[in-house]
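# pasting the sequence and the predicted model now:
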Amino acid sequence: MARFIDELKRSHDNNALRAEHVGQEVVLFGWVASNRDHGGCVFVDLRDREGTTQLVFDADLQGYGDEPKVAYEQSQALRSEWVIGIRGIVKSRGGNVNAKLPTGAVEVHVVELGVFNKSDTPPFEIIDKLDTGEEKRLQYRYLDLRRKPLQHTLRARHRLLQETRRYFDDRGFLELETPSLVKYTPGGARNFLVPSRLHASKFYALAESPQLFKQLFMVAGFERYFQIARCWRDEDLRLDRQPEFTQIDVEMSFVNQDDIFATIEGLVFRLWKAVLGVDLLEKYPSGSFPRMNFDESMGHYGNDKPDVRFAMPHVELTELVIDHAGGGVPFWAELAAHFTSGRYRRDLPTEIVKGLRVPAAQAASLSRAELDKLEEFVKGMGSKGLARAKIGPSGEWLQSPLAKTITPELRTAINGACSVQEGDILFFQFGKESVVHTVLANLRVHLAKKFGFIPDSGHGGKFEFLWVVNPPLFEYDDETKTWAAAHHAFTRPHDDCVELLEKDPGKVLCWRYDLVLNGFEVGGGSIRLHDPEVQAKVFRALGISDEEAQTKFGFLLEALRFGAPPHGGIALGLDRLAMLLSGAESLRDVIAYPKTQKGICLMTEAPNVVSAKQLQELHVRSTE
RNA sequence: GGGGUGGUAGUUAAGUCGGUUAUAACGCCGGCCUGUCACGCCGGAGGCCGCGGGUUCGAGUCCCGUCCACCCCGCCA
C-alpha cells in the first residue's frame, strides 16, 4: 500500500491555492518544474496541467516532529521532471508574492515527500518559450506536449469539439458515423490503400471524406447529419495539410445555400465566442459573412481563398493589352494577336496579363537586391520573370525593360487602371492564366508579410471571413484536353446554366461554396444534384459514359432513383480552424501527433518496413 | 518530380581566406549558500561538425552524391 495515492489523496491541483487556504494541510501531485537549492532550504516549483505551486522544503518547520527534516534531506536529490507527491501546510508569502503565478500569494511548506518516478534529463527544457527545433520536439512529442502552450492549444481543440457537438445536437442534427475502410473510387485526392487479407489482390481505400455516405444518409431520410470525421489523403504535405485530418462534416435535406451558410455561420460565431471569447457580431452585425463571387476572387486575388486582411488587389490588364494590340511590347503583341485571331476567347482566356501595384511608401523600401530576390521567388513558382516599372513624376516608367518599347497610350491606360502615383512600383505577370494567378497570388501575400500588412503567421487580431461563391462547375484539364468536375460530379449547376452544359461547359456556374478565413480555405461544400436528367447531362459533358458512371458511382446513382430529397452540405477543416483560431504557425501545432512533411512520425518512426511473412499474408509483393 | 533554406556538445547558435587544442550561452554533474522564483558563486564533464565519397600536405570550411527537417510549385478542396 503506497502512502501517496492510496492513503493520501490529492486535495488540490497546482492552480488552486490562494490566500484563503493559508493554514490548511494539502496534498499535491505533479512534476518538478524547477528546483532551487539554497543550502538550508530548497524551493521547488511543482507543475501539473492546471498550473504551478511553489513548495518549500525547510528542515526547521515546527510542529511536525522529524518529518520536515526528512523531507528536506530527500528534496536535495530532486531533479527536473521527477514526478512527486507532497503533503504540506499552506503558508502566506506575506509581502514576498510572486506576481507571475496565480498561486503566487502562497507556498506550501512540505512535511512529507514521495517520489513516484525519477526522470532522465529531458532533451529540452519543459518551458513556455522554447527555441528547440521542431524536429527534436516531434521526436519527443510527449515532452513537447507537456509544455503549457501546447496544453492550451489542445484544450482549445477540445473546446472546439465539444461546442460543435452541442451546437449541432441542439439543432436536431444526428451524429452518425461512416466507414473508414471504403471502396476506392477514382478521381479527387489520392487514397491510402489497405490490402485485404481475405481477398487476394483486393484493396480497401481509406476514406478521403465521408462524401458519398453522407449523401446516402439524406436518401435514408435522416435530414440533418453531422460528424467529426477523420479523413486520409495520400498527397504531398504543406503547413496546412496533413495526411490524416479531421473534418466537421455536415449534410442537410430540404435546404438551399443560404440555409447552409446560416447554419455554419451560427457554428463559427459560437466557436469563436466559446474558445476565444471573441464576439464576431461586432465585426459582422448581420450575423453572416460577406460573399464574394469566384470570378472576383480570381480576378483580384488570383485564387479562391483570398486573404482580405489587406488590399493590394491584382489588376486585370488583358483587355487593355488586347485593345492596344500589345502596345509595342513584343510578348504582349503576340498574346493580343491570339485574341484578335479568335484562337483565345476573351471570356475564357488561355493567357492573361495582370499587374500588382506596390504603393510608393513600400516601394521605396525595396532595394535592387530585394527586387532580384523577388524575381527568384516568382521563378521558383514557374514564372519566367518579374517585369516591373517604377512610376516617374509624370507617369513615365523607370527601371523597366518594358519602358523602351511600350506605347505612351498603353502605358497611360495601365497607369490609369492601376491608379498609380509617383514612386509606385508595378509588377507584371503574363502568360498562362493558372501560372499568372498562382505567382501573383503568392507574391501578393509574400509582399504583405514583408511590408508588415499581416504577420508572418497568426491572425494578428484580425479574422476576415468570406464565402467564395458561384464558381464554374468544370475546369479544363490541359493534359487530357477535357472538362473535369472542379469539385465532384454531383454538384448542382445553376438552373439558368443547365442549357450551357452541352453548348459551353466552361461557362456553367454551380452551387458550390468555400468558407475562407485569412487566406485559408476552412470549409467547402455544395448543393448536390438530385435530378437524374441533369445528372446525365453533367456526365455527358464530362465525357463519362453510362457504363463508366455505373462502374464508378453505381450505388449512389441507384440510390438517387429511390426518392432522394434535395440536399446539400459542407465540411469544415477542424485542424485549420484550430490553427487559425489559436494563431498557431502550422497544422502540426494543433495536432497532438502530427506527421512531418515527408509523412513520417518522428516519434514512432512510422511508416516502417514489415516482414515478408506479413506481406505474403496480404498477397502483396514489394517492387523494391 | 522541381525550386529554396537549414543540419556543429543534451539544446540553441558562432566558427574569418582551407591551417595550432572546434567556441559561447543555456542545460547537465560536483561543491558552497535559508527567500529564491531565469536564484547566485566556484569547479567540471560533454563533439562521428547529418552520412558517404572526392580535391588537398591539411576539410566543420571547397566539390559531388545522399539522408533528414522546414517553406513553396506541381499535386491536393
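Structure received.
# element containing the residue lying farthest from the centre of chain A?
Checked against the mean C-alpha position of chain A, the extreme residue using Cα atoms, centre = their mean is A:Gly65, at a distance of 58.7 Å. A:Gly65 belongs to no helix or strand when assigned by DSSP states H and E.
# check contacts around it.
With Cβ atoms under 8 Å, 6 or more residues apart in numbering as the criterion, no residue contacts A:Gly65. Every C-beta, even on glycine, is put in place using the N, C-alpha and C of the backbone.
# roughly how far apart are it and A:Glu112?
As judged by Cβ to Cβ, to the nearest Å, A:Gly65 and A:Glu112 stand 11 Å apart.
# ditto for A:Val358
For A:Val358, the distance to A:Glu112 (Cβ to Cβ) stands at 68 Å.
# need the contact list for A:Arg230.
Taking Cβ under 8 Å, 6+ apart as the definition of contact, the neighbours of A:Arg230 are A:Ser180, A:Glu244, A:Phe245, A:Thr246.
# the residue nearest to the second one when sequence neighbours are not counted: neighbour count?
Yep, that's A:Glu244 we're talking about. Spatially, and ignoring its direct neighbours in sequence, A:Glu244 is nearest to A:Trp232 (5.1 Å; Cβ to Cβ, 6 or more residues apart in numbering). Neighbourhood size, A:Trp232 [other Cβ atoms under 10 Å]: 20.
# same question, A:Gln616
In terms of burial, A:Gln616 registers 10 neighbours under the definition other Cβ under 10 Å.
# same list, the contacts of A:Arg230, but only the ones touching RNA strand B.
Restricting the contacts of A:Arg230 to those within reach of RNA strand B (Cβ under 7 Å from any atom of the strand) leaves nothing.
# most neighbours of all the residues you listed, which one?
Within the contacts of A:Arg230, A:Thr246 tops the neighbour count with 22 neighbours, counted by other Cβ under 10 Å.
# now do the contacts for the spatially closest residue to it that is not a sequence neighbour.
Counting by Cβ to Cβ, 6+ apart, A:Leu574 is the residue found nearest to A:Thr246 once chain neighbours are left out, at 4.2 Å. The neighbours of A:Leu574, taking Cβ under 8 Å, 6+ apart as the test, are A:Arg157, A:Leu160, A:Leu161, A:Thr164, A:Ile228, A:Phe245, A:Thr246, A:Gln247, A:Ile248.
# same question for stretch A:201-209, mean pLDDT?
Along stretch A:201-209, the predicted local confidence has a mean pLDDT of 96.
# quick one: contacts of that stretch?
Outside stretch A:201-209, the residues within contact range by Cβ under 8 Å, 6+ apart are A:178-185, A:188-189, A:191-196, A:229, A:231-233, A:247, A:249, A:571, A:619.
# out of those, which end up buried?
When the contacts of stretch A:201-209 are checked for burial by 16 or more other Cβ atoms under 10 Å, the buried set is A:178, A:180, A:182, A:185, A:191-192, A:194-195, A:229, A:231-233, A:247, A:249, A:571.
# do a quick rundown of the strands in the stretch 451-600 of chain A.
For the stretch 451-600 of chain A, the strands defined by DSSP state E, counting those that start in this stretch cover A:465-469, A:474-477, A:482-485, A:512-517, A:520-527, A:567-573.
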